[in-house]
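> predicted coordinates and the sequence they were generated for:
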Amino acid sequence: MESNQGRYILVGVIAFIVGWAIGLFLFGWLIWPVEYTGAKPQDLADSAQQTYLVAMADLYAYQGNQERMQQTFADWPDADQAICNLYNETADPDEALRLNALAQALNGNGCANVATTPDATESGGGRGNASYIALICGLLAILAVVVVAILVVWQRRGSSGPPDEPASSYGTLEAQTSYAQEATAEQQVIPLARFQTTYSRGHDTYDESFSIENADGDFLGECGVGLSESLGADEPKSVTAFEVWLFDKNDIRTVTKVVMSDHAFFDEALKAKLAPKGEPVLARPNETIVLETATLIVNASITELEYGTGALPPQSFFERFTVELSAWNKEGDFDQPDVQERVDDMLDF
């Protein structure tokens, strides 16, 4: 009688475990899996989150809309930390500049004073590994319950001898789950050409231009930097604005942007005077200015900025100004030049 009671207990325990496993794995994961909605950027997998941050940095470099960036990351308190983690890991200097500019738009300091944390892949795995660990722990728990149940049954039997019937074998339910991880292979984009030019006060004829050619040596266009406006009539000139321009042989227009000092940018009269020359841009360290034509894109990154001092208003003229120009062919590397459309697609999750 005691032997039969032990069997009933064991059968009940096994039936409970099998039923629980069927409900959790078969119905909960395969037939009626839980669907998650309303995910935010910080809830994405690491690879997708990095792709999102790079796209937002590209958008900010393209538009320069700081208010929109602050609204986009309003629900992500430590977004600048994630941006600076990616900033420290990237091997692309242009991408690093754009990420730093995005972090600066959010916290006002960029990545200089942001404490970074190790990447999830370096510290032992991301979300996929965590799910695997949870699955293994669940299976181990099931096995432990089965072992404990068997030990209890055998202890109850004591020395009553072998059972009248051979022990029956119990099948085990094997739940197989497959994880499909989509990795975005970001191709390292190499610019057609990269130039660096530096202005120092006293170079009153400063006007640099560079030829853009493809790998076969075919001429595609030109880009450059030159003086746009100076204050007063003294020598040397007190330059308060530069012109950054891009010429494309396949475009009828030359795109020009006027990089202005802090004083000139907020002087409405001077700003109106320079408006016909091109779109006004405030000169800021590590700022990336994007110029786009029919077939070319040039990123002009301000890598060095130093204002002069003297009788003129503060931050009104440049003592030293360095720009790095990187040129890409849109036909090769920018099949979808509409950055806004790609980002809007990413935001629609």
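Looks like it arrived, so ask away.
> could you use CA atoms for every contact and neighbour count after this?
Will do.
> so which residues of the stretch 201-349 of the chain form strands?
207-213, 219-231, 238-248, 254-260, 279-282, 288-292, 296-307, 318-329 (DSSP state E, counting those that start in this stretch).
> now the angle from the first one to strand 238-248?
When axes from the mean of the first three to the mean of the last three C-alpha atoms, to 10 degrees is applied, the directions of strand 207-213 and strand 238-248 differ by 20 degrees.
> repeat that for the longest one.
Between the axes of strand 219-231 and strand 238-248, defined by the same axes, to 10 degrees, the angle is 160 degrees.
> mind checking how far strand 219-231 is from the chain centre?
Shown here is strand 219-231, whose average C-alpha point lies 31 Å from the average C-alpha point of the whole chain (C-alpha atoms, centre = their mean, to the nearest Å).
> list the helices and strands it packs on?
In terms of contact count using 3 or more C-alpha pairs under 8 Å, 6 or more residues apart in numbering; DSSP states H and E, strand 219-231 is assigned the packing partners strand 207-213, strand 238-248.
> any idea which of these is most buried?
Sort those by mean neighbour count, taking mean count of other C-alpha atoms under 10 Å, and strand 238-248 sits at the top with a mean of 24.
> can you tell me the strand partners of that strand and which way each runs?
In the sheet containing strand 238-248, its partner strands are strand 219-231 (antiparallel), strand 254-260 (antiparallel), by DSSP bridges.
> TSV for those, including distance to residue 315, mean neighbour count and mean pLDDT?
Shown next, in TSV, are the strands paired with strand 238-248 (distance: least, C-alpha to C-alpha, whole Å; neighbours: other C-alpha atoms under 10 Å; pLDDT from 0 to 100):
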stretch	distance to residue 315	mean neighbour count	mean pLDDT
strand 219-231	12	19	94
strand 254-260	10	22	95
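> now do the contacts for residue 324.
When the contact criterion is C-alpha atoms under 8 Å, 6 or more residues apart in numbering, the partners of residue 324 are 194-197, 299-303.
> need these in TSV (columns: pLDDT, neighbour count and distance to residue 251).
Formatted as TSV, those follow (pLDDT from 0 to 100; neighbours: other C-alpha atoms under 10 Å; distance: C-alpha to C-alpha, whole Å):
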residue	pLDDT	neighbour count	distance to residue 251
194	93	16	21
195	95	16	22
196	95	16	24
197	96	16	25
299	95	22	18
300	95	27	19
301	95	23	23
302	95	21	26
303	95	17	28
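> residue 275: which of those residues is nearest?
Of all the contacts of residue 324, residue 300 has the smallest distance to residue 275: 19.3 Å, by C-alpha to C-alpha.
> surely the closest one meets residue 292?
No. The pair formed by residue 300 and residue 292 falls short of the contact definition of C-alpha atoms under 8 Å, at 11.1 Å.
> what do the two both touch?
If you check residue 300 and residue 292 against C-alpha under 8 Å, 6+ apart, no residue is contacted by both.
> what helix or strand does residue 51 sit in?
Counting by DSSP states H and E, the element that carries residue 51 is helix 46-63.
> also residue 149?
Here residue 149, judged by DSSP H and E, is contained in helix 127-157.
> and the next helix or strand after that helix, which strands flank it?
Tracing the chain past helix 127-157, the next element assigned as helix or strand by DSSP H and E is strand 193-200. Each strand paired with strand 193-200, and its direction, by DSSP bridges: strand 318-329 (antiparallel).
> relative to strand 288-292, how tilted is the strand it pairs with?
Between strand 318-329 and strand 288-292, the angle comes out at 40 degrees (the same axes, to 10 degrees).
> let me have the strands paired with strand 238-248 in CSV, adding distance to residue 270 as columns.
As requested, the strands paired with strand 238-248 are exported to CSV (distance: least, C-alpha to C-alpha, whole Å):
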stretch, distance to residue 270
strand 219-231, 9
strand 254-260, 10
